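> dropping the sequence and predicted coords here.
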Amino acid sequence: MTTVVDSNVIVALWDRDNALNTAAQMALDSVLDRGRLVVPAPVFAELMALPGRTESFLDEFFQDTDVAVDWSLDERVWRIAGRALQGYAGRRLKQRGPGPRRTLADFLIGAYAAANSFPLLTLDEGLYRAGFPELKILRV
């Protein structure tokens with residue numbers, strides 16, 4: 001079984017002071033025992049925005065951890081992401097409340113998992129449940 005890993009799981013793994021560090025490591029180990037791990041290209045791009053995270057650092061990290069990076073996002077992924085983003089924009093207009101704004105990358109990650117029928121390992125169950133109701137979500 002292939003599992004998609006969301007950016008926030010890797011960020012939690014890298015944060016030594018993060019209370020979720022141990023939980024993220026255990027969750028990654030658990031899904032790795034059942035198959036392979038993959039991140040779509042938007043995860044790679046999001047991780048580069050973190051301090052000290054260069055392309056070479058990320059290349060080495062993914063190679064050392066045997067996590068594949070899938071650089072291809074086909075038309076189906078983009079369409080699924082667009083529909084989910086459209087739904088989010090509509091919900092956000094109605095709510096007008098506080099909360100984090102989501103980026104296109106979040107929806108591309110969910111759409112990639114949904115289009116390939118892969119489960120998604122994430123810390124952000126709410127976003128993906130609302131945008132991709134049929135997606136199997138594995139929560140840290």
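Good, I have the coordinates. Numbers count the residues shown, from 1 in each chain.
> so what touches the longest helix that the chain contains?
Residue-count comparison of every helix in the chain, with assignments taken from DSSP state H, identifies helix 75-95 as the longest. Contacts with helix 75-95, where a contact means Cβ atoms under 8 Å, 6 or more residues apart in numbering, come from 40, 101-102, 104, 107-108, 110-112, 114-115, 127, 130-132. Just so you know, the C-beta spots here come from the backbone N, C-alpha and C atoms, and that holds for glycine as well.
> ok, then the element right after that helix?
As assigned by DSSP states H and E, the chain's next helix or strand after helix 75-95 is helix 104-116.
> what pairs with the next helix or strand after that next one, parallel or antiparallel?
Once helix 104-116 ends, the next helix or strand along the chain (criterion: DSSP H and E) is strand 120-122. If you go by DSSP bridges, strand 120-122 pairs up with strand 2-5 (parallel), strand 137-139 (parallel).
> mean pLDDT, mean neighbour count and distance to Pro51 for the ones you listed - can I get that in a markdown table?
Formatted as a markdown table, the entries for those read as follows, by pLDDT from 0 to 100; neighbours: other Cβ atoms under 10 Å; distance: least, Cβ to Cβ, whole Å:
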| stretch | mean pLDDT | mean neighbour count | distance to Pro51 |
| --- | --- | --- | --- |
| strand 2-5 | 98 | 22 | 20 |
| strand 137-139 | 94 | 16 | 27 |
